[in-house]
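Asks: After the sequence you'll find the predicted model.
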Amino acid sequence: MNTKKQIEFDKIKNIWAELAVTGYAKECIESADIILDERELRKAISDTTNSREMIEKLGNPPVQNVTEIREILVIAEKGDCLTPYQLERVEKVLTAVDRLIDYLRRGKQFDNPLAYYDENLNPLDELKNEIVRQIRNEMVEDRATKELFDIRNRILILEDTMKQKAEQIIRSNKECMADSYYTMRNGRVCVPVKKEYKFKIPGSVIDKSATGNTLFIEPLGVAKCFEELQLMRIEEDNEVHRILYILSAMVADCIPKIEENIKMIEKMDFVFSKGKLSLDLDCREPAINLERRIRLVKARHPLMDKQINVPLDFSIGEKNDSGEMVRGILITGPNTGGKTVSMKTVMLNCYMAQCGLHVTCEEADICMNSAYLSDIGDGQNLSENLSTFSAHIKNVMDILGSIDKESFVIMDELGSGTDPAEGMGIAVAILEELRKSGANFLVTTHYPEVKDYAARTEHIVNARMTFDKETLQPTYKMVIGEAGESCAFYIAERLGMPQEMLTVAIEAAYGKDAVQDYEFSSAKAEVECENVKKNNKYKDVKKITKTKKSHTKSAITEKYSIGDSVMVYPERKIGIVCEPVNEKGILRVQVAGKKIFINHKRVKLHVKSEELYPEEYDFSIIFDSVKNRKVRHDMSRKYTNEVITYDED
């Protein structure tokens with residue numbers, strides 16, 4: 001028994017989860033269930049209302065996913081050094097906190113209670129400003145400290161000096177150079193020197209060309225600059241790490257406040273997701289009561305198109321015209337009349353309300369329920385070897401074992417799936433147990449005896465789904481206090497069943513007296529039905545058509561000639577006929593160097609041989625091997641023991 005799935009609350013949660021941003025909020029939505037504490041439920045519904053109002057007036061809140069930041073805080077808490085990328089992630093979260101604070105403060109002008117949650121957020125401006133000042137584009141800024149600025153300036157000067165020295169050596173020793181430009185080899189500035197002038201340019205050989213004719217030498221003057229450059233880069237690396245460690249320590253000191261901010265962002269994301277859902281589904285805030293009363297005005301199923309959905313007015317747990325408190329409603333009516341959808345609509349709206357959500361009604365007053373229990377669908381389970389009836393009874397027994405006076409129960413097609421007489425008896429017995437429990441319940445049935453039971457039993461009333469007898473279409477409206485009918489006889493009559501057959505059917509179902517109460521159509525309509533039946537007799541009966549067998553095969557055997565170009569299906573490859581069609585409809589085609597036997601139905605003529613080859617062309621040139629052609633030549637002029645062989649590919 002999976003009530004959430006049967007009433008389609010799982011689909012509502014899927015829509016709801018798409019409106020959340022943080023992983024925490026999505027987890028809360030996935031585990032969302034009914035709230036049993038009155039104060040907590042009223043607070044949850046109030047939060048939904050306030051979040052919707054704020055979204056309507058200020059737009060969606062600036063909430064972002066903060067899952068990644070938790071891993072970064074763990075690294076900082078251990079005392080490890082954070083990377084510039086990780087520090088920027090921290091700064092982005094603090095920026096999101098700033099924006100959320102501003103968003104909530106703007107909500108104070110509307111006196112929205114949610115706006116005052118800004119007091120629980122700490123902007124941590126000092127940490128954020130330090131990260132912004134010292135980190136940019138996942139790198140430590142040049143002006144993060146004066147020392148780093150001086151070091152990087154010295155590095156630039158040294159790099160420029162190395163290049164100038166290399167260019168000066170090239171200009172002074174043009175005849176020794178293989179090129180007029182310096183080059184970088186293994187991170188060093190080198191000049192391209194011809195091999196024969198190796199000893200004329202003092203320095204270290206760093207690399208050589210592929211041919212070995214050019215040596216890439218780092219001049220001595222450049223090498224001295226490079227050594228100084230390496231020292232400066234070590235100093236730069238030390239200064240960068242010092243800055244990162246200081247920022248990491250600042251983050252570590254602020255971890256408690258950052259975690260509070262993260263929790264508040266996640267909580268606000270969950271609250272605002274409820275407001276977004278209310279707007280998306282066009283919901284209203286429900287009233288909550290503890291008097292076991294449910295009243296829905298113009299309720300609709302949240303997953304149905306609002307334009308075609310017929311609103312439902314429903315009430316239970318209130319006194320009827322006789323002053324009797326109604327606890328159970330027995331819904332009857334034609335198939336496809338909306339009975340099951342109506343039950344789902346009622347329970348789904350109640351379930352949403354008790355989860356702290358708004359409901360798809362114009363107005364709703366909903367009681368808190370300790371449990372929502374349902375038996376909808378055939379429940380057939382092949383793995384457990386359960387039939388439809390067995391599955392129903394198993395679910396029903398589970399429900400009756402869990403029910404109390406604060407439960408809400410819905411059951412579809414009570415007593416179905418077995419012998420009608422016995423099913424009716426079981427349906428009455430189940431209804432009696434539901435009545436004794438004191439719970440609110442909704443059930444559907446087609447049994448007339450069960451309708452009679454509901455009519456004469458305390459705390460249970462009949463209800464019907466209306467049906468237009470003229471158009472044979474359901475209207476999907478519920479009328480509480482009246483029993484419905486299946487309308488099977490009206491449908492059968494409109495579809496052409498004669499009056500005499502209907503009379504037999506009504507008498508068999510309800511007795512002879514019921515025939516007089518049934519309003520048949522006019523005699524003219526009856527005549528028309530008879531005429532239609534006579535005129536259409538055997539009209540639409542389909543007959544088997546037998547294929548006539550052909551007694552002559554000459555048309556097939558003469559269809560293709562040797563040398564014809566044909567298309568082979570389904571591969572759509574071009575081939576050449578090397579053996580004509582035999583009496584069985586098989587021919588041989590050479591395709592891609594292979595000779596294959598194939599049914600004539602799988603080939604289609606592409607080009608006739610007359611258009612491809614001259615008259616009396618010797619096709620053995622194409623199809624015979626050299627060996628076979630030699631044997632054939634020998635056989636034409638003398639006796640020989642050689643034989644002609646054919647490949648079998």
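Replies: Yes, it's here.
Asks: pLDDT score assigned to Glu384?
Replies: Here, the pLDDT recorded for Glu384 equals 43.
Asks: Over to the one 5 residues further on?
Replies: Per-residue pLDDT puts Phe389 at 72.
Asks: Return the distance of it relative to Asn395.
Replies: Here Phe389 is placed at a distance of 11 Å from Asn395 (CB to CB, to the nearest Å). To be clear about C-beta, it is placed using only N, CA and C from the backbone, and glycine gets the same treatment.
Asks: where do the strands sit along the stretch 451-600 of the chain?
Replies: Under the criterion DSSP state E, counting those that start in this stretch, strands of the stretch 451-600 of the chain are mapped to 460-468, 473-480, 565-568, 573-579, 586-591, 594-599.
Asks: could the ones you listed go into a markdown table alongside mean neighbour count and mean pLDDT?
Replies: Shown next, in a markdown table, are those (neighbours: other CB atoms under 10 Å; pLDDT from 0 to 100):
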| stretch | mean neighbour count | mean pLDDT |
| --- | --- | --- |
| strand 460-468 | 21 | 81 |
| strand 473-480 | 17 | 72 |
| strand 565-568 | 18 | 88 |
| strand 573-579 | 18 | 87 |
| strand 586-591 | 18 | 87 |
| strand 594-599 | 13 | 85 |
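Asks: how about TSV for those strands, with distance to Arg188 added?
Replies: TSV is the format used below for these (distance: least, CB to CB, whole Å):
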stretch	distance to Arg188
strand 460-468	89
strand 473-480	84
strand 565-568	66
strand 573-579	62
strand 586-591	64
strand 594-599	63
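Asks: And the ones you listed: which comes nearest Phe314?
Replies: Proximity to Phe314 (CB to CB) singles out strand 473-480 among the strands of the stretch 451-600 of the chain, at 6.6 Å.
Asks: Tell me which residues of whichever strand or helix holds Leu279 come out buried.
Replies: Assigned by DSSP states H and E, Leu279 falls within helix 255-280. Across helix 255-280, burial judged by 16 or more other CB atoms under 10 Å covers 258, 261-262, 264-278.
Asks: Could you look up the next helix or strand downstream of it?
Replies: Counting by DSSP H and E, the next helix or strand C-terminal to helix 255-280 is strand 287-289.
Asks: Centre of the chain to that next one, how far?
Replies: Here strand 287-289 is found 34 Å from its chain centre; the criterion is CA atoms, centre = their mean, to the nearest Å.
Asks: and the next element down the chain from that strand?
Replies: Following strand 287-289 toward the C-terminus (DSSP H and E): strand 294-299.
Asks: Any buried residues in that next one, and which?
Replies: 294-296, 298-299.
Asks: which SS state does Ser416 fall under?
Replies: The local conformation at Ser416, judged by DSSP: H, G, I helix; E, B strand; the rest coil, is coil.
Asks: One more: Asp321?
Replies: Applying three-state DSSP: Asp321 is coil.
Asks: Determine the number of other residues adjacent to the closest residue to it other than its chain neighbours.
Replies: Among residues not flanking Asp321 along the chain, Gly481 sits closest, at 7.6 Å (CB to CB, 6 or more residues apart in numbering). Gly481 has 14 neighbouring residues, counting by other CB atoms under 10 Å.
Asks: so how far is Asn462 from Gly481?
Replies: According to CB to CB, Gly481 and Asn462 sit 7 Å apart.
Asks: picking up where we left off before, what's the closest of the strands of the stretch 451-600 of the chain to Leu312?
Replies: Evaluated with CB to CB, these place strand 473-480 nearest to Leu312, the distance being 6.0 Å.
Asks: now for the strands of the stretch 451-600 of the chain, which one comes closest to Phe9?
Replies: Nearest of those to Phe9, taken as CB to CB: strand 473-480 at 21.4 Å.
Asks: Please, where are all the strands along the stretch 51-200 of the chain?
Replies: Per DSSP E, counting those that start in this stretch, the stretch 51-200 of the chain carries strands over the ranges 135-136, 139-140, 183-185, 188-194.
Asks: quick one: low-confidence ranges for the stretch 201-350 of the chain?
Replies: When residues are selected by pLDDT under 70, those of the stretch 201-350 of the chain lie in 334-337.
Asks: For the stretch 451-600 of the chain, give me the ranges with low pLDDT.
Replies: Across the stretch 451-600 of the chain, the ranges flagged by pLDDT under 70 are 467-476, 483-488, 490-491, 509-510, 517, 519-555.
Asks: just so I have it, where are all the helices in it?
Replies: For the stretch 451-600 of the chain, the helices defined by DSSP state H, counting those that start in this stretch cover 488-494, 499-510, 512-517, 523-535, 554-557.
Asks: One more: the stretch 101-250 of the chain?
Replies: 125-134, 146-172, 220-253.
Asks: Can you list the buried residues in the longest one?
Replies: Right, helix 220-253. Residues of helix 220-253 classed as buried: 221-223, 225-226, 229, 232, 235-236, 239-240, 242-244, 247-248, 250-252 (neighbour count, 16+ other CB under 10 Å).
Asks: do the same with the shortest one
Replies: Using 16+ other CB under 10 Å as the burial criterion, the residues of helix 125-134 that qualify are 127-128, 130-131, 134.
Asks: what's Val603 in contact with, if anything?
Replies: 560, 566-569, 575, 587, 589 (CB atoms under 8 Å, 6 or more residues apart in numbering).
Asks: Switch the residues you listed over to TSV; also include distance to Lys43.
Replies: Output for these, formatted as TSV (distance: CB to CB, whole Å):
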residue	distance to Lys43
Tyr560	86
Val566	81
Met567	76
Val568	76
Tyr569	72
Gly575	80
Leu587	85
Val589	82
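Asks: from those, which is closest to Leu605?
Replies: Proximity of these to Leu605 (CB to CB) peaks at Val566, which lies at 5.8 Å.
Asks: hang on, Val271 packs against Leu104?
Replies: No - Val271 sits out of contact with Leu104 when judged by CB atoms under 8 Å, with a separation of 11.4 Å.
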